[in-house]
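In: With the input below, show me the fold.
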Amino acid sequence: MALCWTGKPVSRMADAMTEENSQALSRRRLRLRPPGGWSLGAMVIAAAVVGPLVAIIWMALNPVENIWPHLMATTLPRYLFNTVLLCLGVGGLSAAVGTGAAWLVTMYRFPGARAFEWLLLFPLAIPAYVGAYALVDFLEYAGPVQTALRELFGWQTSRDYWFPEIRSRGAAVIVLAAALNPYVFLMARTAFREQSGCTYEVAQALGAGPFARFWRVGLPLARPAIAAGSAIVMMETVSDFGVVDFFAVQTLTTGIFSTWLEMHNTGGAAQIALVVLTLVLLLVGLEKASRSRSRFYRLSRQQRPVEPAPLTGVPGWLAAAACAVPFAVGFVLPVGVMSWHAAGSPERWFEPGLLRALSHTVAAGGAASVVTVLAALFLVYGVRLSGSRLPRLILPLTTLGYAAPGAVLGVGILIPLAALDNRLADGILALTGFDPGLMLTGTAFAMVFAYCVRFFAIAQGAVDAAMGRVSPSLPMAARSLGRSPIGALREIYVPLIRGSVGTALLLVFVDSVKELPATLLLRPFNYNTLSTRVYEHASLERIGDASPAALLVCLVGLAAVLFMARTGREAT
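Out: Residues are numbered from 1 along each chain as shown. Coordinates of the predicted model:
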């Protein structure tokens, strides 16, 4: 063995090793030091957001009455088959419509192209269940279409002619795709805009026609964005309840309601909810895996944008018609039908039930948006201040609530919260002799908490992105001048991220107003919101009574869509 002399005395080498060991020990102690107030608060918020999902897993694996064999042998295969079929149908149709419309408005100039860039976002303002009620009212046997056909051709009954079944799985696919395809359109349009015009010029010089340029150049480059939009569409399809319930399509979400409310089996409902959660997480994983295998980079900092080609004559009008169809089905038809019913009986706008539902909606949605954004602000800032790794590891888990359907969160929140509520009331009664009643589940607290968990990812993403754009030197300078962490947050971060915070407040409020499954499960007795009022009246075939509340929900959603469209135009 050859020995090598380093030139250092043994004692100095020992001192160096001792110093390195002490530094490593100090770093280890730094990582293991107890969390501070900000870190502890961030972990509490993260635990509150993730808690309902953990409760679902626990109840599903430890049910009071295990009906899993019964579900597997009877209804679960049908629920799962219908859910998967809906996901594939809605995802595929939304991808085709959204991608095609995005390609047309980005690559070509035709009549109305500039207007369709933001008109095609309008269906986002319409809840899918409102679109379902409008479509059935418009196309059913007593609706204007079939009535006009009978008068025109002299038909007497439905046996004299054939008309497609309206309340069917196919109609549910059309309604959901009409309401959700703007997700794909928005992401695909952004991806097409970010591509280089030189790429298409080279393809054209090599003899590629319009379809070849789309199929072989544009579509592969935009595939990650299209996959992300389609995954969002399929997750929203899994979580839908209003459309599938109205069209009598038995899915996993309707199975949760029937197992819990009709069979009175919370363990079975939790087991179905676990299947839903697994399916949603599988969709998220597939979407991320598809994007991780795709790598596209810009070859220069200053690339020439795509120059839209003019379309005139018949091709231009065909392109305009292709963009007008999803806008008409997803926005014009629901708003037109509801407006026609509302205008026929103006007195419905002044009913006490509508005013109470409006006040409940504003109060619950406003409280949820404020609490969610404040909690997200505290969590993100606390993680940034923390020197511990645990809060940073927990932070991504808080976005899982957005992937969980409202019915799943209803199961995970109501059962544990009801047990806690009863014990709390019994404790107060034993100590004071006063019975406070159910303070958590007997009020709107559980409903607001579900909104916060469901839409926490929206607020957290907006706040985290906004804080990431603030230069680190600014809060460091404030701290060096004696400002406390809360002072740096109040005087540095909040003024600079005020716009993003306002956007998060608006988006959380709008989504809370439109949320139906969690509201149906968690609302107190005789407590209606606009969404539940629309559902109750429409499920009884009273579309006229549901129309004012439906229009108010659409109006709130339209405000958010207009804000997003304005933000998108300013960004470009």
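
In: When you work out contacts or count neighbours from here on, use the C-alpha atoms and nothing else.
Out: OK.

In: Which of the helices and strands in the protein ranks last by mean pLDDT?
Out: Within the chain, no helix or strand scores below helix 10-32, which has a mean of 44 by mean pLDDT, DSSP states H and E.

In: Do you have the strands of this structure handy? List them.
Out: Counting by DSSP state E, the chain has these strands, from start to end: 108-109, 309-310.

In: give the contact list for Thr266.
Out: Contacts for Thr266 were tallied using Cα atoms under 8 Å, 6 or more residues apart in numbering; they are Pro63, Thr259, Trp260, Val411, Ile415.

In: Now, these that are in helices?
Out: Judged by DSSP state H, the contacts of Thr266 include Val411, Ile415 as members of helices.

In: Which helix in the chain has the most residues?
Out: The chain, longest helix under DSSP H: helix 352-385.

In: Could you list every helix and strand in contact with that helix?
Out: helix 37-61, helix 445-454, helix 456-468, helix 498-514, helix 530-539, helix 543-571 (3 or more Cα pairs under 8 Å, 6 or more residues apart in numbering; DSSP states H and E).

In: List just the one of those that sits closest to Leu124.
Out: helix 543-571 (6.9 Å; Cα to Cα).

In: Find out how far the closest one is from the centre of the chain, if you would.
Out: In terms of Cα atoms, centre = their mean, to the nearest Å, the centre of helix 543-571 is found 16 Å from the chain centre.

In: Over to stretch 133-147?
Out: Remark: stretch 133-147 is offset 30 Å from the chain centroid, using Cα atoms, centre = their mean.

In: got it, and stretch 238-253?
Out: Using Cα atoms, centre = their mean, the offset of stretch 238-253 from its chain centre is 17 Å.

In: same question, stretch 533-541
Out: Relative to its chain's centre, stretch 533-541 lies at 24 Å (Cα atoms, centre = their mean).

In: Least confident of the helices and strands packed on helix 352-385, on average?
Out: Of all the helices and strands packed on helix 352-385, mean pLDDT reaches its minimum on helix 543-571 (a mean of 79).

In: Enumerate every residue touching the residue lying closest to Leu119 once chain neighbours are set aside.
Out: Among residues not flanking Leu119 along the chain, Phe327 sits closest, at 6.8 Å (Cα to Cα, 6 or more residues apart in numbering). Taking Cα under 8 Å, 6+ apart, we find Phe327 in contact with Leu119, Leu120, Phe122, Pro123.

In: go on, Arg533?
Out: Contacts of Arg533 by Cα under 8 Å, 6+ apart are Leu354, Ala357, Ala546, Ala549.

In: Could you export stretch 234-247 as PDB, keeping only the C-alpha atoms?
Out: Output of stretch 234-247 as PDB, limited to C-alpha atoms (Å, rounded to 0.1, in the frame of the first residue of the first chain):
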ATOM      1  CA  MET A 234     -61.800  15.100 -16.800                       C
ATOM      2  CA  MET A 235     -61.300  16.000 -13.100                       C
ATOM      3  CA  GLU A 236     -64.300  18.400 -13.300                       C
ATOM      4  CA  THR A 237     -66.300  15.700 -15.000                       C
ATOM      5  CA  VAL A 238     -65.600  13.200 -12.200                       C
ATOM      6  CA  SER A 239     -66.700  15.800  -9.600                       C
ATOM      7  CA  ASP A 240     -69.900  16.800 -11.400                       C
ATOM      8  CA  PHE A 241     -73.200  16.000  -9.700                       C
ATOM      9  CA  GLY A 242     -75.800  18.300 -11.100                       C
ATOM     10  CA  VAL A 243     -75.600  17.200 -14.700                       C
ATOM     11  CA  VAL A 244     -75.400  13.400 -14.200                       C
ATOM     12  CA  ASP A 245     -78.100  13.500 -11.600                       C
ATOM     13  CA  PHE A 246     -80.500  15.500 -13.900                       C
ATOM     14  CA  PHE A 247     -79.700  13.100 -16.800                       C
END
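
In: Name the residues that touch it?
Out: So stretch 234-247 is in contact with 83, 86-88, 90-91, 128-129, 132-133, 167-169, 171-172, 175-176, 180, 250-254, 276, 280, 283, 403-407, 516-517, 535, 539, going by Cα under 8 Å, 6+ apart.

In: Let me know the average pLDDT across it.
Out: On average, stretch 234-247 scores 90.

In: for stretch 339-348, same thing?
Out: pLDDT averaged over stretch 339-348 gives 88.

In: Contacts for that stretch, please.
Out: Contacts for stretch 339-348 (Cα under 8 Å, 6+ apart): Trp349, Ile543, Gly544, Asp545, Ser547, Pro548, Leu551.

In: excluding its backbone neighbours, what's nearest the third one?
Out: Closest residue to Gly544 in three dimensions, ignoring its sequence neighbours and counting by Cα to Cα, 6+ apart: His341, at 5.0 Å.

In: how many neighbours does the one you found have?
Out: His341 has 17 neighbours, counted by other Cα atoms under 10 Å.

In: measure it to Met107 for me?
Out: His341 sits 39 Å away from Met107, going by Cα to Cα, to the nearest Å.

In: Contact partners for the closest residue to Pro127 other than its chain neighbours?
Out: Sequence neighbours aside, Lys514 is the residue nearest to Pro127 in space, at 6.3 Å (criterion: Cα to Cα, 6+ apart). Listed by Cα under 8 Å, 6+ apart, the contact set of Lys514 reads Pro127, Ser531, Val553, Gly557.

In: list the contacts for the third one?
Out: When contacts are counted by Cα under 8 Å, 6+ apart, Val553 is found next to Ile126, Pro127, Val513, Lys514, Leu530, Ser531.

In: cool, and the second one?
Out: Contact analysis of Ser531 by Cα under 8 Å, 6+ apart lists Val513, Lys514, Glu515, Leu516, Ala549, Ala550, Val553.

In: how near is Gly482 to Pro475?
Out: For Gly482, the distance to Pro475 - Cα to Cα - is 11 Å.

In: Settle it for me: which of the two has more neighbours?
Out: Pro475 (20 against 10).

In: Let's see the pLDDT reported for the more buried one.
Out: In this model, Pro475 is scored at 79, pLDDT.

In: shaky segments in the protein?
Out: Applying pLDDT under 70 to the chain picks out residues 1-37, 197, 201, 204, 287-305, 387-388, 390-391, 564-572.

In: what residue is smack in the middle of it?
Out: The chain has Tyr402 as the residue nearest its centroid, 5.8 Å off, counting by Cα atoms, centre = their mean.

In: tally of neighbours for the closest residue to that residue other than its chain neighbours?
Out: Spatially, and ignoring its direct neighbours in sequence, Tyr402 is nearest to Arg454 (4.8 Å; Cα to Cα, 6+ apart). Arg454: 27 surrounding residues under other Cα under 10 Å.

In: now Arg454: how far from Ile394?
Out: Separation of Arg454 from Ile394 (Cα to Cα): 17 Å.

In: again, but for Val238
Out: In this view, Val238 and Ile394 are 25 Å apart by Cα to Cα.

In: list the contacts for Val130?
Out: Counting by Cα under 8 Å, 6+ apart, Val130 has contacts Pro334, Val534, Ala550.

In: Grab the nearest non-local neighbour of Ala367.
Out: Leaving aside its sequence neighbours, Ala367 sits nearest to Val448 (Cα to Cα, 6+ apart; 7.1 Å).

In: Go ahead and confirm the one you found touches Gly365.
Out: Yes. With contacts counted by Cα atoms under 8 Å, Val448 reaches Gly365, the gap being 7.4 Å.

In: nearest spatial neighbour of Ile492, skipping sequence neighbours?
Out: The shortest distance from Ile492 to any non-neighbouring residue, by Cα to Cα, 6+ apart, is to Pro475 (6.4 Å).

In: no no, Leu311
Out: Phe110 (5.2 Å).

In: List the contacts of the one you found.
Out: Pro310, Leu311, Thr312, Gly316, Trp317, Ala319, Ala320.
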